[in-house]
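Trainee: Turn this into a structure:
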Amino acid sequence: MNRSIEQTLLSLLPTHNSTLPQPLTELASSLLAQSRHRASTLKADEEVARPYACAHIACDRLKIQLNLPPIDPRPPIPPRIYKRLYNHLDSILPATAATPGRTPGGTPGSKRRFRDAERDNGLGASPGTPSRSRITPSKDRSLAQFRAAGPGTPNKPSTPSKLRLTSSKKPSSSSSNGTPLPPWMRPTVRFLCKELNTTQIGPVIMAGVETIVTPHGKRTTDSWITSNLVPLLGALYLIVWKGVTFPGKDLDQERYIRARKDVVTTLQKARSTLTLPTKGTDIDDGGWEGWTGVKVKDIDNATLHINRHGWLESDWAHGIEDLIAQNADAIDEAMELDGNGNDNGVEVGGGKVRRADTMFQDRYDYLSERKKQEYAVWKEGILSRIKELERGPPTADVMDIDPYVR
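Mentor: Below you'll find the predicted structure:
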C-alpha cells in the first residue's frame, strides 16, 4: 500500500482516530492508478494535487458506507484550480473502482465466501435443483403470523391498508409543508433575503434554522427557542450576512446598526405582507404559529444566546465558508476576464466585495454610490451656509461700519 496515500487520507480525515478502513485505501489507490490512464496529461500545478484529489474522491464516495468522520480538505494548490481538477477527475473516473483481484468492499476471497453463504442458505441453487440446507417451514410456523395476540381474539390477519391509516391518522407536525418547522419560517426567510437583496445566503440561513429548531428532524423542546423563533431568525441572518460579506473583518458599528434595523423592519413587514397556506394545520392562527414581535434588543439577545450555546460550531456553519470560497472564485474569474486587471468588485450579500490585494478598496472608492450620496448631503449643507453668509446678519443689529477698513 502506498504510504503517501495513507498520509493524504489521514490529512483529509483529521478526526479519524483508528486505522484507516481497507476499502478506503484500496479505492484511493485504484482511483489514482486509473486517473493516470484516463487523465495522463495534466497541467503542472494540477499534477501536484492528483493524489490528493483521488483520495478526496474516495472519501466522498465511501463516507456514508464507511461512516467516515467529517472531511476537511486542504488542497496543496489554490482552491479554484483544485475545484476544477476535482470535478474533472470525478467525472472521468468510474463510480465503482476496485483493485484487480479484490472486491470493492472486502478482502480477497470475500466474493467466494459470499457464494458459499448463499449456497448454505439455499439462495444460490439453480431452478429445479433442491438444496440440502433448505428447510420447509412447518404448518404452525406458517400460520403464526395469522394468530391473534391473546386468547379469544378472532384470527384475522392484519390489513396493510389499515396499518397505514393508523400510522398516518394524525400529522406529526402542524406545518402544512410536511416539515416540523412553522409554516411561516421558509417564506419569511425568502422574503427577508429578497427584500435585502441577499438571496445567496438563504440556504445557509435555513440550514442553521433547521439545525437549531428541528434537530434530528423533530421540533425542539427548548423553551427559549420556541418563544424566540423570530429573533433567532433575525440573528442568524445577521451572522451569515456578516460572515459572507465581510469575511475575517470587523464590521463597522454604524453599518451593523443600520443592517440590524433593516432586518427588524423587514421582519415586521413580512408579518403584514405574507399570506400563508393554512390547509392541514390544526391551529387557527393563519399559519403564524410561534410568531412574536421583534425589536433590536431581541436580536442582540438572540445573538448572545447563539454564541453562548456554540451553535456556530455545528456543521451548518461550514456553509458560510463554502459561500466565501465561491465568492473568492467569482472574484478571481472576474479578474481574469478583465483585460486591464481592474477590480470592479463582486456583489456579495448585498454589498460589494473586492480582492484583498488590490488598492481599489471601498474607503478609497470616492465615486461609489454611498460616497456620492454623502457628497451631495455635504454640498447641500455647504451651499446653504454660503447663502446665509452672503445674506449677512440683520442690519438692525450691526453698525454700518466695516471694522477692517482703517
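
Trainee: mind listing what's buried in the one helix or strand Ala270 maps to?
Mentor: Assessed by DSSP states H and E, Ala270 sits inside helix 253-273. Judged by neighbour count (16 or more other Cβ atoms under 10 Å), helix 253-273 contains these buried residues: 259-260, 262-264, 266-267, 270-271. (Glycine included, C-beta is placed from N, CA and C.)

Trainee: what's that helix packed up against?
Mentor: Judged by 3 or more Cβ pairs under 8 Å, 6 or more residues apart in numbering; DSSP states H and E, helix 253-273 is in contact with helix 185-195, helix 229-245, helix 296-308.

Trainee: Including mean neighbour count and distance to Ile71, could those helices go into JSON lines?
Mentor: JSON lines is the format used below for the helices and strands packed on helix 253-273 (neighbours: other Cβ atoms under 10 Å; distance: least, Cβ to Cβ, whole Å):
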{"stretch": "helix 185-195", "mean neighbour count": "19", "distance to Ile71": "28"}
{"stretch": "helix 229-245", "mean neighbour count": "24", "distance to Ile71": "21"}
{"stretch": "helix 296-308", "mean neighbour count": "16", "distance to Ile71": "25"}
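
Trainee: Quick check: chain neighbours aside, which residue is closest to Arg271?
Mentor: Excluding the flanking residues, the one nearest Arg271 by Cβ to Cβ, 6 or more residues apart in numbering is Trp291, at 6.6 Å.

Trainee: Report the separation between the one you found and Ala39.
Mentor: 54 Å (Cβ to Cβ, to the nearest Å).

Trainee: Also Gln65?
Mentor: For Gln65, the distance to Ala39 (Cβ to Cβ) stands at 25 Å.

Trainee: For the two, indicate the residue with more neighbours.
Mentor: When Gln65 and Ala39 are compared for neighbours, Ala39 comes out ahead with 17 against 12, by other Cβ atoms under 10 Å.

Trainee: Could you pull out the buried residues of the top helix by length along the chain?
Mentor: For the chain, the helix with the greatest residue count under DSSP state H is helix 369-391. Judged by neighbour count (16+ other Cβ under 10 Å), helix 369-391 contains no buried residues.

Trainee: How is the protein divided into domains?
Mentor: Domain assignment for the chain, taken from automatic domain parsing, gives 3-92, 185-319.

Trainee: Quick check: which ranges of the stretch 301-406 of the chain have low pLDDT?
Mentor: 328-365, 394-406 (pLDDT under 70).

Trainee: swap in the stretch 51-200 of the chain?
Mentor: For the stretch 51-200 of the chain, applying pLDDT under 70 flags the ranges 96-179.

Trainee: mind running it again at 90?
Mentor: Applying pLDDT under 90 to the stretch 51-200 of the chain flags residues 63-69, 72, 74-76, 78-80, 84, 90-182, 198-200.

Trainee: now the domains of the chain as CSV including distance to Ile382?
Mentor: Formatted as CSV, these follow (distance: least, Cβ to Cβ, whole Å):
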stretch, distance to Ile382
domain 3-92, 47
domain 185-319, 22
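
Trainee: nearest to Ser368, of those domains?
Mentor: With Cβ to Cβ, the closest approach to Ser368 among these belongs to domain 185-319: 13.5 Å.

Trainee: Could you tell me the end-to-end distance of the closest one?
Mentor: Its first and final residues considered, domain 185-319 spans 19 Å by Cα to Cα, to the nearest Å.

Trainee: Sticking with the residue nearest to Arg271, tell me its helix or strand.
Mentor: Going by DSSP H and E, Trp291 is not in any helix or strand.

Trainee: In this structure it contacts Pro187, no?
Mentor: No - using Cβ atoms under 8 Å, Trp291 is not in contact with Pro187; the gap is 11.7 Å.

Trainee: And Pro70, how far from Glu313?
Mentor: 12 Å.

Trainee: neighbour count winner among those two?
Mentor: Between Pro70 and Glu313, counted using other Cβ under 10 Å, the more crowded position is Pro70 (12 against 9).

Trainee: what kind of secondary structure is that one in?
Mentor: Using DSSP: H, G, I helix; E, B strand; the rest coil, the structure places Pro70 in coil.

Trainee: Using the three-state scheme, assign the closest residue to it other than its chain neighbours.
Mentor: Nearest-residue entry for Pro70: Thr15, 6.6 Å, with adjacent residues in sequence omitted and distances by Cβ to Cβ, 6+ apart. Put simply, Thr15 is coil when judged by three-state DSSP.

Trainee: give me every residue that touches Thr15.
Mentor: Neighbouring residues of Thr15 by Cβ atoms under 8 Å, 6 or more residues apart in numbering: 69-70, 72.

Trainee: which residues does Pro75 contact?
Mentor: Residues in contact with Pro75, defined by Cβ under 8 Å, 6+ apart, are 49, 52-53, 56, 82.
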